[in-house]
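[1] Okay, predicted coordinates and the sequence, questions at the end:
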Amino acid sequence: MQFEWTEEQDAFRRKIRDFLHGSLPDDWEKFSEHGPASPALTAFARTFCVKLAEVGLLFPHWPQEMGGEGLGPWEQQILSEEMWIAGEPRGGQYMNVNWIGPTLEKYGTPAQKARYLEPITRGESLWCQGFSEPDAGSDLASLRTRAVLKDGNYVINGQKIWTSYAGLADTCFLLTRTSDDHKKGITIVLVPMDTPGITVRQIPSLIGEGDVHEVFLDDVTVPETARFGEEGQAWEIVAYSLRNERLGIPRFTLARAALDRAVMMLKERGDFTREHVRIEAARCAALCEAAGTANYAVVQKRVDGLAIGAESSSARYATVMAERAVCEFVVEFLPEALAGASPYLKMHHQRGIVAGVAAGSAEIQLNIIASDVLELPREPR
Amino acid sequence: MQLGLNEDQRQVLDFVEALARPFASAPLHDAGLALESEELDVALVENGFLDVMAVEELGPVTAALVVEKLARLPFAVEAAASALVRPLIDPELPRPLCLVEEGRISAPLRFLRPGATVVVVGSSGVRSFTASADLIAPAQEDTLYAYPVAFLTGLPEAMTAHDADPAEVTRAWRVAMAAEAAGLLGAALASVVTYVSERKQFGRPLATFQAMRHRLAEAQVVTNSVYWLAMRAAVSGDSADAAMALLHAQEAAKRVCYDYHQFLGGMGMTLEHPLHLWTYRLKLLTAELGGRGAQGLAAAEALWG
């Protein structure tokens, strides 16, 4: 058991840092106050990701047959960490390289691969994920957006909500219902966002401009060839995608970086001598490190080629605890940070409060831990 | 990064497990809360399981793994200080080892008895003496801890000074306590999970009620991370890691002990159920080395100066 990075991994991290240092503008920190899904950051990402692709840092973790370098899960983790600490200059394109690309490769038709993979590898495309609906949040399998096959086309009607990046995305990875057979009645359709009948409305939010949307689909018509996988295969495909993305964003790294920044600011003004502040800061640091080690234990399973189970929910929940503690620490001891004194800490706060909601709520993670880690008898349904 | 166990570590843990198997269930006991077994202690010593840290290919992380595993037993064993701290002071010091902070000698000392080695750690350095009966005052007979405890009545005039860095010994002490807490937390959680999965009310197991499921799931999250922080601190030898590991362990202990007894209802108030054998050790560990606040201050100092 050892917790050090290898020399090669350290060098890989340095390469990313050097690239970020050389390619992010001087006012980046202020700029990154724009949320990851904002028009400003999305536009920035379109040039930034092209440069990332040029230096081989857009998808180095992909297998060689997909054009990657075949680096392992640890390198993917390092890449994600460095990008997220820097405020995620890839914007929504992180999804492309983490799970959309690998999922296209595994389940896409030759035509779908030809159409969608190349723009991803050039750093030029943006996807959104049409999953949640007004009445299907944590209970995703109850979704009702309907796709009806008619004369070789799917005609889609329904509504999605909380869709990140929808306002600017090129394509939607859309979950639709093609039969009433619960999970087995869900089908994925890849829908170009400029298809007539799609209306996107931005929802003003606490987490930054342009981050979440409602998407209305009124007689949206796409050819049958836009179906991804078979009818009713969505649940299996999404489970596969999530295996690639189970841990999600390495939020604990930004939480820890934000904590260090807050401590630095407190020291500068002579406030880091008070014992209760120091104890609380240490508590936050321990929670961040706890989340980090729990996440790494899951990455280790990927490295070993083992199936990742509910322990990823445990790691996710540890991350939520860390995010919450750091957000609260900053508000309590550096309230001015959210009112202009620190764009970085404001950026962290806006992203941090999402940790327990995005990509499966914290309560759902607890349900999974209870059933599948602790193996408690199931709740009656 | 390599978070798995190597072959040597797996083998050591398998041996420990086999040796500990006869001691895995708690006999009914009514004389005080603490349960000890001389037979188990002797077996551990004879097989060298408390000396694995000095073996090059095993090292401190294996010692921490052994301590974590032994803490899961219903029997209290003085393993943590011997396995993880003693090698830094003098591997020949007679057991049990009782670590005490200079200036805090009035604390209840775990495993203190005539013949035990008391190690006093503080700004004057690292000093030790063999406890004699006249320096020991017994704790109340029905004392509320599941460790055997006693008090020092004073320090002897002469102590052996050791060539060891008190900061380094304190660091190892934190790792030792975090590893012990990790095992106690794991065993206490498992014990509660078994009970609430079997006990039925309103026609269904208690564990099917979400009020309980979520709190137990949160307990799993912190228990899991106490384990990882303890192991990382053992491997890295870093003082910030050690302070954070014990801080997190003491936070976790405080968080779960009350809940666990609550979940067992009336059964959680009895000595018939073994839960107290882990939780009433954890309770005393929350006071170790000055408690959470002291660990927090130490971690802050190591992290940010």
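    Sure, I can see it.
[2] Could you measure from residue B:283 over to chain A?
    Note on residue B:283: its distance to chain A, by C-beta to the nearest C-beta, to the nearest Å, is 20 Å. C-betas here are computed from N, CA, C, even on glycine.
[3] Then residue B:228?
    Residue B:228 sits 4 Å away from chain A, taking C-beta to the nearest C-beta as the criterion.
[4] give me the number of residues near that residue?
    Look at residue B:228: counted by other C-beta atoms under 10 Å in any protein chain shown, it has 26 neighbours.
[5] I'd say it and residue A:298 touch.
    No - at 11.0 Å, residue B:228 does not count as touching residue A:298 under the criterion of C-beta atoms under 8 Å.
[6] Need the residues touching each of these two.
    In terms of C-beta atoms under 8 Å, 6 or more residues apart in numbering or on different chains, residue B:228 and residue A:298 are not both contacted by any residue.
[7] So which residues of the stretch 51-200 of chain A form helices?
    Secondary structure of the stretch 51-200 of chain A, counting by DSSP state H, counting those that start in this stretch: helices at A:73-85, A:93-95, A:101-107, A:110-122.
[8] Among those helices, show me which one is buried the most.
    For the helices of the stretch 51-200 of chain A, ranked by mean neighbour count under the definition mean count of other C-beta atoms under 10 Å in any protein chain shown, the leader is helix A:93-95 at a mean of 24.
[9] Rounded mean pLDDT for that one, please.
    Taken as a whole, helix A:93-95 carries a mean pLDDT of 92.
[10] chain center to it: distance?
    Between the centre of helix A:93-95 and the centre of its host chain there is 7 Å, according to C-alpha atoms, centre = their mean, to the nearest Å.
[11] quick one: contacts of that helix?
    Applying C-beta under 8 Å, 6+ apart, the external contacts of helix A:93-95 come out as A:45, A:49, A:80, A:83, A:88, A:120, A:123, A:125-127, A:129, A:245, A:249.
[12] let's go with 7 Å and repeat that
    Under the criterion C-beta atoms under 7 Å, 6 or more residues apart in numbering or on different chains, residues A:45, A:49, A:83, A:88, A:123, A:126-127, A:129 lie in contact with helix A:93-95.
[13] Could you do stretch A:344-356 as well?
    In contact with stretch A:344-356 (C-beta under 7 Å, 6+ apart) are residues A:29, A:32-33, A:35, A:87, A:206-208, A:251, A:254-255, A:258, A:261-262, A:319-320, A:323, A:326-327, A:330, A:334, A:337-338, A:362.
[14] repeat that with 8 Å
    Contact with stretch A:344-356 is made by A:29, A:32-33, A:35-36, A:87, A:206-208, A:251, A:254-255, A:257-258, A:261-262, A:319-320, A:323-324, A:326-327, A:330-331, A:334, A:337-338, A:340, A:362, as judged by C-beta under 8 Å, 6+ apart.
[15] Next, the buried residues of the longest strand seen in chain A.
    Within chain A, and with DSSP state E defining each element, the longest strand by residue count is strand A:212-223. The neighbour-count criterion (16 or more other C-beta atoms under 10 Å in any protein chain shown) identifies A:212-217, A:220, A:222 as the buried residues of strand A:212-223.
[16] what lines up beside the helix or strand just after that strand in the sheet?
    Read in the C-terminal direction, the helix or strand following strand A:212-223 is strand A:227-228, with elements assigned using DSSP states H and E. Strand A:227-228 sits in its sheet next to strand A:186-192 (antiparallel), going by DSSP bridges.
[17] what pLDDT, on average, does the partner strand get?
    98.
[18] Quick one: distance of that strand to the chain centre.
    Here the centre of mass of C-alpha atoms in strand A:186-192, compared against the chain's by C-alpha atoms, centre = their mean, lies 19 Å away.
[19] And stretch A:41-59, by the same measure?
    For stretch A:41-59, the distance to the chain centre is 17 Å (C-alpha atoms, centre = their mean).
[20] Can you tell me what sits against it?
    Surrounding stretch A:41-59, the residues in contact under the criterion C-beta under 8 Å, 6+ apart are A:15-16, A:19, A:23, A:31-32, A:34-35, A:66-69, A:79, A:88-93, A:97, A:101, A:120-124, A:126, A:165, A:168, A:210.
[21] In PDB, could you pull the C-alpha coordinates for that stretch?
    Listed in PDB are the C-alpha atoms of stretch A:41-59, where the atom choice follows Å, rounded to 0.1, in the frame of the first residue of the first chain:
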ATOM      1  CA  LEU A  41     -16.600  29.800 -20.700                       C
ATOM      2  CA  THR A  42     -18.200  27.600 -23.400                       C
ATOM      3  CA  ALA A  43     -16.800  29.900 -26.000                       C
ATOM      4  CA  PHE A  44     -13.400  29.900 -24.300                       C
ATOM      5  CA  ALA A  45     -13.400  26.100 -24.100                       C
ATOM      6  CA  ARG A  46     -13.900  25.800 -27.800                       C
ATOM      7  CA  THR A  47     -10.500  27.300 -28.500                       C
ATOM      8  CA  PHE A  48      -8.900  25.900 -25.300                       C
ATOM      9  CA  CYS A  49      -9.900  22.300 -26.000                       C
ATOM     10  CA  VAL A  50      -8.600  22.600 -29.600                       C
ATOM     11  CA  LYS A  51      -5.200  23.500 -28.100                       C
ATOM     12  CA  LEU A  52      -5.500  20.700 -25.500                       C
ATOM     13  CA  ALA A  53      -6.000  18.300 -28.300                       C
ATOM     14  CA  GLU A  54      -3.000  19.600 -30.200                       C
ATOM     15  CA  VAL A  55      -0.700  18.800 -27.200                       C
ATOM     16  CA  GLY A  56      -2.300  15.400 -26.600                       C
ATOM     17  CA  LEU A  57      -4.000  16.400 -23.300                       C
ATOM     18  CA  LEU A  58      -7.600  16.200 -24.400                       C
ATOM     19  CA  PHE A  59      -8.100  12.400 -24.200                       C
END
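[22] Buried residues in that stretch, which are they?
    The neighbour-count criterion (16+ other C-beta under 10 Å) identifies A:41-42, A:44-46, A:48-49, A:52-53, A:57-59 as the buried residues of stretch A:41-59.
[23] Check the average confidence over stretch B:177-193, would you?
    Model confidence over stretch B:177-193 averages 98 on the pLDDT scale.
[24] Using PDB, write out every CA atom in it.
    Listed in PDB are the C-alpha atoms of stretch B:177-193, where the atom choice follows Å, rounded to 0.1, in the frame of the first residue of the first chain:
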ATOM      1  CA  MET B 177      -4.800   5.600  17.800                       C
ATOM      2  CA  ALA B 178      -6.400   6.300  14.400                       C
ATOM      3  CA  ALA B 179      -5.700   2.700  13.300                       C
ATOM      4  CA  GLU B 180      -7.200   1.400  16.500                       C
ATOM      5  CA  ALA B 181     -10.300   3.600  16.100                       C
ATOM      6  CA  ALA B 182     -10.700   2.500  12.500                       C
ATOM      7  CA  GLY B 183     -11.100  -1.100  13.600                       C
ATOM      8  CA  LEU B 184     -13.400  -0.200  16.500                       C
ATOM      9  CA  LEU B 185     -15.600   1.900  14.200                       C
ATOM     10  CA  GLY B 186     -15.700  -1.000  11.700                       C
ATOM     11  CA  ALA B 187     -16.600  -3.600  14.200                       C
ATOM     12  CA  ALA B 188     -19.200  -1.400  16.000                       C
ATOM     13  CA  LEU B 189     -20.900  -0.600  12.600                       C
ATOM     14  CA  ALA B 190     -21.000  -4.300  11.700                       C
ATOM     15  CA  SER B 191     -22.500  -5.200  15.000                       C
ATOM     16  CA  VAL B 192     -25.300  -2.600  14.700                       C
ATOM     17  CA  VAL B 193     -26.000  -3.600  11.100                       C
END
